[in-house]
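*Asks:* I'd like to go over a predicted model; first the sequence, then the structure.
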Amino acid sequence: MPLLQNWNVLCWNIRGLNSSDKQLALSNAINVSGCAVICLQESKMPCFDDSSLKALCPKRFDKFAYITSRGASGGFLTVWNSSIFSGIVLVQEDFALGIQFTSTLSAHPWTLYNIYGPCSGPSRDSFTQWLYDRDIHTDEDFLFLGDFNYIRGPENRNKPGGDPNDMSTFNDIIRKQ
């Protein structure tokens, strides 16, 4: 019988890590969640290094991968604890950071995609096609999370409206998987 293990993943569109208030909020969220993996979108950080990691995360988090921001927007980051998981970066796209994790306890592999989807234009079309083209096998463990900049239905909006074609497209992508 396989060893079952549960891990918490903290996912947050932080909308900038450039203020001490946001950094404190992140630190509090990490401590409350007891997470083993942190996925942030819209970090707005042009670079990320070991000193950034030490300033933002508890010591147990010692590995990371990131996509830089473009000017004052975008950028995302995945951080993990190497005593729980080893990680290999599989995909580094403008809209996705894919990492294959392997449990140090059970040797069980799983793949995480940290997503920050474009809102409009040709890059959104590329992202949509990329999402649709994912081929997830039923015997593999995958987790897609982040800010897709899509909604499944009007109830997912905080204001009235939304594009029914976008909702249909996103639901089609989910059904395909």
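*Replies:* That came through, no problem. Just so it is clear, the structure is predicted and the values come from calculations on it, not from any experiment. Numbering: from 1, shown residues only.

*Asks:* residue 24 and residue 58, how far apart?
*Replies:* According to Cβ to Cβ, to the nearest Å, residue 24 and residue 58 sit 13 Å apart. All C-beta spots, glycine's among them, are computed from the backbone N, C-alpha and C.

*Asks:* show me where pLDDT drops low in the protein?
*Replies:* 1-5 (pLDDT under 70).

*Asks:* please, where are all the helices along it?
*Replies:* 20-33, 50-56, 121-133, 164-176 (DSSP state H).

*Asks:* and residue 146, how many neighbours does it have?
*Replies:* Using other Cβ atoms under 10 Å, residue 146 has 23 other residues around it.

*Asks:* from residue 78, how far off is it?
*Replies:* For residue 146, the distance to residue 78 - Cβ to Cβ - is 10 Å.

*Asks:* give me the common contacts of these two.
*Replies:* Residues touching both residue 146 and residue 78 (Cβ atoms under 8 Å, 6 or more residues apart in numbering): 39, 114.

*Asks:* and the residue most central in space within the chain, what does it touch?
*Replies:* The centre of the chain sits closest to residue 114, judged by Cα atoms, centre = their mean, with a distance of 2.3 Å. Going by Cβ under 8 Å, 6+ apart, residue 114 touches 11, 39-41, 76-78, 96-99, 145-146.

*Asks:* from residue 166, how far out is it?
*Replies:* 21 Å.

*Asks:* do the same with residue 73
*Replies:* Distance from residue 73 to residue 166, by Cβ to Cβ: 20 Å.

*Asks:* neighbour count for those two, which is higher?
*Replies:* Remark: of residue 73 and residue 166, residue 166 carries more neighbours, 15 against 11, as counted by other Cβ under 10 Å.

*Asks:* the residue nearest to the more buried one when sequence neighbours are not counted: how many residues sit nearby?
*Replies:* Spatial nearest neighbour of residue 166, chain neighbours left out: residue 150 (5.8 Å); criterion: Cβ to Cβ, 6 or more residues apart in numbering. Residue neighbour count, defined by other Cβ under 10 Å, stands at 22 for residue 150.
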